[in-house]
Each structure stands twice: as structure tokens, then as C-alpha cells.
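Sequence first, then the predicted structure, then my questions.
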Amino acid sequence: MTLRILHYADVENAYDDASGIGRLAGLIKELRDEETIICGSGDNTGPGVLSVVTKGRQALDFFEAVDPDAETFGNHDFDHGPEHLLKLVDESPQPWVCANAFRNGDRFAGTQGAVPWTIIEAGNTRVGIIGVAHPETVGINPYAGDVEFTDPVPAVEEGISTLSGRGVDRLIVLSHLGDDTDLARAVDADVILGGHDHDRLVDCVAGTLVCRPGGNGRFVLEVSFEGEAPTATHHSVADGPPDTEVATALRNRAEAAGLMDVVGTAETPVVCDMMASKRGESRLGNLVTDAFRTTADADIAVFAAGGFRRRPPFEGTVTAFDLVGVMPFDRELVSLRVDGETLCDVFRQLALAHFDDAPHWFFGHVSGASIVWDDVANELRSAHVNGGPIESTKQYDIATTEFLVENDTLFPAFRPDDVVEAYGLVYEVLVEYVRTVGLNPRLEGRIQRPTLDPETVPDRDWPFSPE
């Protein structure tokens, strides 16, 4: 028999499709044999609706079904903070392998069994596996907190040196770096199994096979060592046999969390595409900011451009699952008290004018105010709160997300010291608002952009935009 590796990575939101994860598990089970190694390259616990409500524990249903041999850390595995990830590591059936993650000077999750590298026996073959996470994980995901990620190249080099001295036949790297070109040129491994980048890949770099399965659980990557050099093949999960136990377990988690409860009815479809998220006023943006402002009893609510996840439109009966899907964020709604001068700065920052590389048409969302923005001059022409002019010394209460206060790049005007009160998780706020008020948001001219040239704005965002 021939050594084979079955590889998955960046499963992410696929957990929100129970039948799809069932097929992913079923396909892996169908393809494996006694000389097959199963492994993952990170971002296999989140993000997604089920991930945010279970703190990533929905991944355990998949892990327990396929019983992987090794897993490394991706940036989204830290979405709920290091402590929740430590619990997942402790409860997962597979060893977690990462050579470049440390906390307080010790190997991250070492107490829970994580190791920098490991040896797996597959038939008569001894396979050494080294894992590395992205060195900028904390910058990508601030929820990684105080975990330190070092340069992956020397970490892999040390692993290869150690494993080579232990008589391994093959050397495999599990990487969540995205682009593995530099790593492949720097180290002498047989295969680098990548993640982070969601595009499928099969390449040979400096004699090393570099490959990725692609994102969202759509493909399983098979690496075969039959022949002189390893080869890689992608298998479509859509063709996989369903594992009904996994699918049922995920559906049960959704039911237990109340996600399948119908909370409202959309008589007119509410589009949840890129335009609704990023162009400024939209029915979706008005719905969310109205929920924020009402819950916090604030003067104004604001939300960032791009703050929503794109999903199919809300139409007909809408469940809690549907609503959480556009905002699956594990952060709280907060209110801040600021003066009128600061409030005008907040309105200017809705335009992302301070970002040099943001598309010119990006704009955030607002409730309780009306804004006129000049896209040619890149300036705020006017702004009113509840129909009246803004007074520079008057105090105003703004409702927004905890993340936008902690992140000092999107709204630099926000300061943590300005926070007055917290009101619960943002997705719970949205669900309760729709349950109480209903689902009939309207466009009201809250954000007017008289100089924006519509010809310079894309008009469709496949697949969730109307034709």
C-alpha cells in the first residue's frame, strides 16, 4: 500500500451547512485506509454562526468523526480568545502541532498537549509533521491576545533537524501562512500543506510540493507518495457520501442554541451583499444601526463599512440563524458619550477617508442622524442629529460595537474611556430587536452623497446580489 495524506483547511463557515460538513466527513472516511494520514492546516473551528454561539465547539463533531492525526492553528481559531481555544485543544481527539506559537515564554497549549512537531506511523512509513501559524496572527486577529508567533522558517528548520535525527521517512509541514513560497525555498520538506489562502493550489517550489485544499470545506486534498515524487489531487466534497451523524450533531447544536427559531418575516427581501455592507445607507445597515440605537437608548448609532458578512437575502420567514449570519461577532454592543466635535469626527470616519487603500465608494452606516458627504472634496458637508444641528460642546450618546472602540484604525475618534455601558452581544441584540420590532427596514436618505459618480461603483456582487 502507498502512503497518502488527506488534508483540509479553512473549513470556517462551512459548519453552518450541516449537510456539507457531513459530506466532508463522509468523503474523508471513504478515502482513508491504514496508510492514510488525516490533517488540517488551521481555521477549522471558525468563524461562522455555529462557531460564535458555541465558541468553536461545533468543530468537535467533525474532529471526533474523522479522528485527524494532526492539526495546526489558524488565525480564526483564536476568534473567541486563547482560553476558549485551549479548551478545544484539550477536548479534541487529534494532537495540535505548532512550532512557532508561545505564551508567557512557554509553548502555547503545551499543557493541553500541543507539540511543535510529531511522528506518525502510517503502515511502514514514519512521517514527521511540523506545524506553523502565521507570524502576524495577532495583527490579523487581535483576539489572539498575548500569544506570540515567531518566524516560521527557523521553527520549521529546527523541526526538520530534530525529526531527521529520529529516522523519519517523510517530512510534512502544516502551514497557515497563505503564501508558502518563501518557506518552501528555505527548508527541505517533502510537502507543505497550506491554509489561510482560500484558493486551491498544487505547485512545486524548489523541489517541494506546495498545495492547498481551498476554503470553506469544498474540497479534500489528497497527496499520494506513489511514484518518485508526491502528487496532489482535489476531491469535491459535493460528491462525498453523507455522514448523517455529523450532520445531525450540527443541526442539534443549532436547535439547542435557538438558532432555528423564526423571529421575523421579511415581506420585501433585505439584501445582504457587498453593496449593502459597504456603500453607505442600505436597508440592512439601517436595520442593524436602528437595533443598536434602540437597545442602547442612544442618540446615534454607527457601524463600519464592511461590517457585515455577505449572505443570501432575508426573505419570507427569517430565523435567528439568518440574523446571526450577517453579524457572527463575539463582541458586545456599547454606548459612548462624546461631545459634538468628536461626533463630527466619527461621521467623517464613516467614509474611511483616512484609509489610502480603501475604495472611494466605501461608507459606513448610521441611525439617528443625517449626513451629506462630498466624495469629490472628501469632506463632510453637513450633519444633523434627530433633525437638529450638532452643537460642538453638547454631549451625545453613540451606540456601536465593542470591536470598533478597541480597534483604533477604523474610528480613531473612539476612546475606551468614553464607554458608558454595555448591552450584550451584538448578534443577540439584533435577534431580539427583530423579534420585538419586526423586519421592515426602510431607506430614509440618512446618508446623501451628491458628488458620488455611480458609474465608478460596481453594481453587482455575485452571488448574493439581485440580477
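Yep, that arrived.

Against which helices or strands is the worst-scoring helix or strand of the chain on mean pLDDT packed?
Least confident helix or strand, the chain: helix 274-278 with a mean of 90, by mean pLDDT, DSSP states H and E. The contact analysis (3 or more CB pairs under 8 Å, 6 or more residues apart in numbering; DSSP states H and E) places helix 274-278 against helix 283-296. All C-beta atoms are positioned from the backbone trio N, CA, C, and that covers glycine.

helices or strands up against the next helix or strand after the helix it packs on?
Using DSSP states H and E, the helix or strand that follows helix 283-296 towards the C-terminus is strand 300-303. Packing contacts for strand 300-303, counted by 3+ CB pairs under 8 Å, 6+ apart, involve helix 283-296, helix 340-349, strand 365-367, strand 395-401.

mind checking how far strand 300-303 is from the chain centre?
Mean-position distance between strand 300-303 and its chain equals 23 Å (CA atoms, centre = their mean, to the nearest Å).

How about stretch 316-330?
Between the mean C-alpha point of stretch 316-330 and the mean C-alpha point of its chain there is a distance of 15 Å (CA atoms, centre = their mean).

Show me what counts as buried in it.
Neighbour-count burial for stretch 316-330 flags 318-330 (criterion: 16 or more other CB atoms under 10 Å).

Just give the nearest non-adjacent residue to residue 136, would you?
residue 149 (7.3 Å; CB to CB, 6 or more residues apart in numbering).

returning to that earlier point: would you mind finding the most buried of the helices and strands packed on strand 300-303?
Greatest average neighbour count among the helices and strands packed on strand 300-303 goes to strand 365-367 (a mean of 26), per mean count of other CB atoms under 10 Å.

what ranges do the strands span in the stretch 1-150 of the chain?
4-8, 36-40, 70-71, 101-103, 106-107, 117-122, 125-132, 147-149 (DSSP state E, counting those that start in this stretch).

of all these, which lies closest to residue 190?
Shortest separation from residue 190 across the strands of the stretch 1-150 of the chain is recorded for strand 125-132, at 9.0 Å, computed as CB to CB.

Check which helices and strands that closest one is in contact with.
Contact partners of strand 125-132 among helices and strands, from 3+ CB pairs under 8 Å, 6+ apart: strand 36-40, strand 70-71, strand 117-122, helix 152-164, strand 170-175.

cutoff 6 Å now
Counting contacts by 3 or more CB pairs under 6 Å, 6 or more residues apart in numbering; DSSP states H and E, strand 125-132 is packed against strand 117-122, helix 152-164, strand 170-175.

Indicate which one of those is closest to residue 212.
Checking the helices and strands packed on strand 125-132 against residue 212 by CB to CB gives strand 170-175 as the closest, at 9.1 Å.

tell me the mean pLDDT for the closest one?
In this model, strand 170-175 carries a mean pLDDT of 98.

Residue ranges in this protein under the pLDDT threshold?
1, 460-467 (pLDDT under 70).

ok and whichever strand in it runs longest relative to helix 283-296, angle-wise?
In the chain, ranked by residue count with DSSP state E as the criterion, the top strand is strand 262-272. Computed with axes from the mean of the first three to the mean of the last three CA atoms, to 10 degrees, the direction of strand 262-272 lies at 130 degrees from that of helix 283-296.

still on that earlier bit, mind putting the helices and strands packed on strand 125-132 in a markdown table, mean neighbour count and distance to residue 416 included?
As requested, the helices and strands packed on strand 125-132 are exported to a markdown table (neighbours: other CB atoms under 10 Å; distance: least, CB to CB, whole Å):
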| stretch | mean neighbour count | distance to residue 416 |
| --- | --- | --- |
| strand 117-122 | 18 | 40 |
| helix 152-164 | 19 | 33 |
| strand 170-175 | 27 | 35 |
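
quick one: which of these is nearest residue 24?
Smallest distance to residue 24 across those (CB to CB): 17.7 Å, for strand 170-175.

quick one: contacts of the closest one?
With contact meaning CB atoms under 6 Å, 6 or more residues apart in numbering, strand 170-175 is reached by 39, 41, 72, 127-132, 156, 160, 189-194.

domain ranges for this structure?
If the domains of the chain are taken from automatic domain parsing, they occupy 4-253, 261-456, with pieces of a single domain joined by a plus sign.
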